[in-house]
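Participant: Prediction below, plus the sequence it came from.
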Amino acid sequence: MAVHDDCKLKFLELKAKRTHRFIIYKIEEKLKQVMVEKLGEPTLTYEDFISNLPTNECRYAIYDFDFVTEDNCQKSKIFFIAW
């Protein structure tokens with residue numbers, strides 16, 4: 001299974017520039033390749049992310065989760081999700 005170059009490029013944009021809240025990847029069976037299906041704007045929420053996942057199909061996704069620690073520090077964690 002190949003991975004389209006855009007997959008890595010969009011991930012690096014999310015990681016370095018925070019240009020996306022999430023990325024959803026889809027396996028294109030005909031091309032035998034993993035491709036970017038959906039990019040989420042930085043202003044979108046976790047609920048928006050979940051609503052973009054299909055109920056009966058598999059996907060891979062990256063989600064950039066922002067949170068505040070007990071010490072009131074703004075933090076971010078990037079999660080890889082197999083759906």
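Facilitator: It's in. Residues are numbered from 1 along each chain as shown.
Participant: The longest helix that the chain contains packs against which elements?
Facilitator: Looking across the chain with DSSP state H, the single longest helix is helix 5-17. Applying 3 or more Cβ pairs under 8 Å, 6 or more residues apart in numbering; DSSP states H and E, we find helix 5-17 packed against strand 22-28, strand 33-40, strand 60-68. All C-beta atoms are positioned from the backbone trio N, CA, C, and that covers glycine.
Participant: Pull up the distance across stretch 64-78, start to finish.
Facilitator: With Cα to Cα, to the nearest Å as the measure, stretch 64-78 spans 4 Å from end to end.
Participant: Give me the buried stretch members for it, please.
Facilitator: Asp64 (16 or more other Cβ atoms under 10 Å).
Participant: Tell me which residues are up against it.
Facilitator: For stretch 64-78, the surrounding residues in contact (Cβ atoms under 8 Å, 6 or more residues apart in numbering) are 14-15, 18, 20-22, 46, 62-63, 79.
Participant: Now do that stretch, average pLDDT.
Facilitator: Throughout stretch 64-78, pLDDT has a mean value of 95.
Participant: Looking at this structure, which residue reaches furthest from the middle?
Facilitator: Farthest-out residue of the chain from its mean C-alpha position, per Cα atoms, centre = their mean: Asp71, at 27.5 Å.
Participant: Pull up the per-residue confidence for Gln1.
Facilitator: Check again: residue 1 is Met, not Gln. So, for Met1, pLDDT stands at 86.
Participant: returning to what we had before: for His4, state which of the contacts of stretch 64-78 is nearest.
Facilitator: Ile62 (14.4 Å; Cβ to Cβ).
Participant: Quick check, that closest one in contact with Phe79.
Facilitator: Yes: counting by Cβ atoms under 8 Å, Phe79 is a contact partner of Ile62 at 7.1 Å.
Participant: so how far does stretch 39-55 reach from one end to the other?
Facilitator: End to end - Cα to Cα - stretch 39-55 spans 18 Å.
Participant: what separates it from the chain centre, distance-wise?
Facilitator: In terms of Cα atoms, centre = their mean, to the nearest Å, the gap separating the centre of stretch 39-55 from the centre of its chain is 9 Å.
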